[in-house]
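# Quick one, what's the 3D model for this:
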Amino acid sequence: MGRVAASFGVKGWFKVLPLSSDPHALIGHPRWYFKASTEGAWSERGIADAREHSGMLVAKIAGIDSREAAQLLRGQQVALSRASLPAPADDEMYVADLVGLRVVNREGVELGSVQDVQESGAHPLLRVVATDARERLIPYVGAIVDGVDRETRTISVDWGAEF
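Numbering: from 1, shown residues only. Prediction:
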C-alpha cells in the first residue's frame, strides 16, 4: 500500500509514498506491516500518528524517536492486514490477489504466473514468470488485460508469447 521514502524531521517521523488508489487508506489504522525486501518477512509495528503532508503521508512508529532510527525504514514496503481492509466489490480485486494467478493469452498459451505487481508510475505491471524462468512485464491496463477469472485463478491477456 506504500513505500517508506525518507525520514521526516528529527523526532522519528518518516515519509510514505502511497501506492494505493486511495492515498489516505493507511491513515487511521493503528498497526502497519513493514518489509525490507521481496524475500524478507513482514514485521508489525504500532503507529503513533499518521497524516497527509505535501502529497505524501508522514507517520510515526511508537518507540522510534530519532531521525536516524526512522531513516533505517527507508525503502521498506508498507501494508495493512487483510482483515483490516473492506471487502472489494464484485468487480474489484486487491492487487495482492493477482499474485499467483496464471496468465494466459488469447491464443491459449500459458505465459506463466504473476510473481508480483510493480508500480511504474503510469500503470501497474504484472511480473509474470514462466516455468522456464522467462520473465515478462505485462501492463495491467484494459487494452491488454481481457479479464480476471477468480474461479479458475486466471488472467486473460492480449499479449504475444514471443514478447
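
# What sits closest to the residue of the chain most remote from its centre if chain neighbours are left out?
Taking Cα atoms, centre = their mean, the residue of the chain most remote from its mean C-alpha position is residue 107, at 29.5 Å. Leaving out its chain neighbours, the residue that sits closest to residue 107 by Cβ to Cβ, 6 or more residues apart in numbering is residue 161, at 7.1 Å. C-beta: built from backbone N, CA, C; applies to glycine.

# now the helices: where do they sit in the chain?
Ranges of helices within the chain are 67-71, based on DSSP state H.

# In it, where is pLDDT below threshold?
By pLDDT under 70, the chain has no low-scoring segment.

# Can you give me the domain boundaries for it?
Domains of the chain are assigned by automatic domain parsing as 2-84, 95-157.

# Could I get the buried residue list for stretch 108-117?
111, 112, 113, 114, 117 (16 or more other Cβ atoms under 10 Å).

# so how far is it off the chain centroid?
Remark: stretch 108-117 is offset 17 Å from the chain centroid, using Cα atoms, centre = their mean, to the nearest Å.

# How about stretch 154-163?
Remark: stretch 154-163 is offset 22 Å from the chain centroid, using Cα atoms, centre = their mean.

# Any idea how far apart the tips of it sit?
The straight-line separation of the ends of stretch 154-163 (Cα to Cα, to the nearest Å) is 19 Å.

# The nearest residue to residue 63 once chain neighbours are set aside - how many residues pack around it?
Spatially, and ignoring its direct neighbours in sequence, residue 63 is nearest to residue 46 (7.8 Å; Cβ to Cβ, 6+ apart). Residue 46 has 11 neighbours, counted by other Cβ atoms under 10 Å.

# how many other residues sit next to the nearest residue to residue 49 once chain neighbours are set aside?
Spatial nearest neighbour of residue 49, excluding adjacent residues (Cβ to Cβ, 6+ apart): residue 60 at 4.9 Å. Using other Cβ under 10 Å, residue 60 is surrounded by 20 other residues.

# Residue 60 and residue 29: what is the separation?
Distance, residue 60 to residue 29, using Cβ to Cβ, to the nearest Å: 14 Å.

# quick one: common contacting residues for the two?
Counting by Cβ atoms under 8 Å, 6 or more residues apart in numbering, the shared contacts of residue 60 and residue 29 are residue 47.

# what sits against the residue nearest to residue 107?
Counting by Cβ under 8 Å, 6+ apart, residue 161 has contacts 105, 107, 109, 111.

# for it, phi and psi?
Taking degrees, to the nearest 10, you get phi -70, psi -20 for the backbone angles of residue 161.
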